[in-house]
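Asker: show me how the following folds:
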Amino acid sequence: MAGLPYRPCVGVALVNRDGLVFLGRRKRSAGPEHVDDLHAWQMPQGGIDPGEDPYRAALRELYEETSVRSVRLIGEAPEWYGYDLPQDVSRKAWRGRYRGQMQRWFALRFTGEDSEIDILNPGGGRHKAEFEAWRWERLEALPGLIIPFKRPVYEKVVTAFRPLIGPAGA
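Answerer: I've put the predicted structure just below:
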């Protein structure tokens, strides 16, 4: 695995008016890297297409997974965050071409209404649903809900975005 590259990716912390962050519960069929039903919650994230700007990729992935377009940029993580897949997962995920992901994270303020969120028919029904449920959650709770091999990235996201988002309920 050490010789394999990292998959370029983006992640989105979608924050509502109450300072809570969107979380989706991954469908079991959404991909081989989601192997733990106890930690199936995650923020929207996905690959960057060749030549695509990371911020544009973040907006695209958010729409493709949640149907959300009503956002404004709060901030961007100060660096790329990466993780390695467990070896048994890496053989199945992305056809074994990557050792893990290197992610650029963005914090976006959700300016729409909850009714805009459609995880079952995302992107106007043009994209396969990756989530089976969703909820708003406190930023600090996110690392405990994500699959353990992604937890260090989520801890960095919390550290980077806490000053920008402020405490939930404030």
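
Asker: from Glu113, how far out is the residue lying closest to Leu142 once chain neighbours are set aside?
Answerer: Taking CB to CB, 6 or more residues apart in numbering as the measure, Leu142 lies nearest to Tyr154, with 5.1 Å between them; neighbours along the chain are not counted. In short, each C-beta sits where N, CA and C put it, glycine included. Using CB to CB, to the nearest Å, one obtains 27 Å as the distance from Tyr154 to Glu113.

Asker: the two: which has the busier surroundings?
Answerer: For Tyr154 versus Glu113, the count of surrounding residues by other CB atoms under 10 Å is larger for Tyr154: 23 against 8.

Asker: helices or strands up against the helix or strand harbouring Ala133?
Answerer: Secondary structure from DSSP states H and E places Ala133 in strand 131-137. Under the contact criterion of 3 or more CB pairs under 8 Å, 6 or more residues apart in numbering; DSSP states H and E, strand 131-137 touches strand 21-26, helix 54-66.

Asker: mean confidence for the helix or strand following that strand?
Answerer: Using DSSP H and E, the helix or strand that follows strand 131-137 in sequence is helix 151-165. The average pLDDT for helix 151-165 rounds to 95.

Asker: same check, this time on stretch 20-30
Answerer: Here stretch 20-30 scores 85 as its mean pLDDT.

Asker: name the residues of it that are buried.
Answerer: Neighbour counts over stretch 20-30 (16 or more other CB atoms under 10 Å) mark 20-27, 30 as buried.

Asker: likewise for stretch 56-64?
Answerer: 57-64.

Asker: JSON lines for these, including pLDDT and distance to Val12?
Answerer: Shown next, in JSON lines, are the buried residues of stretch 56-64 (pLDDT from 0 to 100; distance: CB to CB, whole Å):
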{"residue": "Ala57", "pLDDT": "98", "distance to Val12": "10"}
{"residue": "Ala58", "pLDDT": "98", "distance to Val12": "5"}
{"residue": "Leu59", "pLDDT": "98", "distance to Val12": "8"}
{"residue": "Arg60", "pLDDT": "97", "distance to Val12": "10"}
{"residue": "Glu61", "pLDDT": "97", "distance to Val12": "7"}
{"residue": "Leu62", "pLDDT": "98", "distance to Val12": "5"}
{"residue": "Tyr63", "pLDDT": "97", "distance to Val12": "10"}
{"residue": "Glu64", "pLDDT": "96", "distance to Val12": "11"}
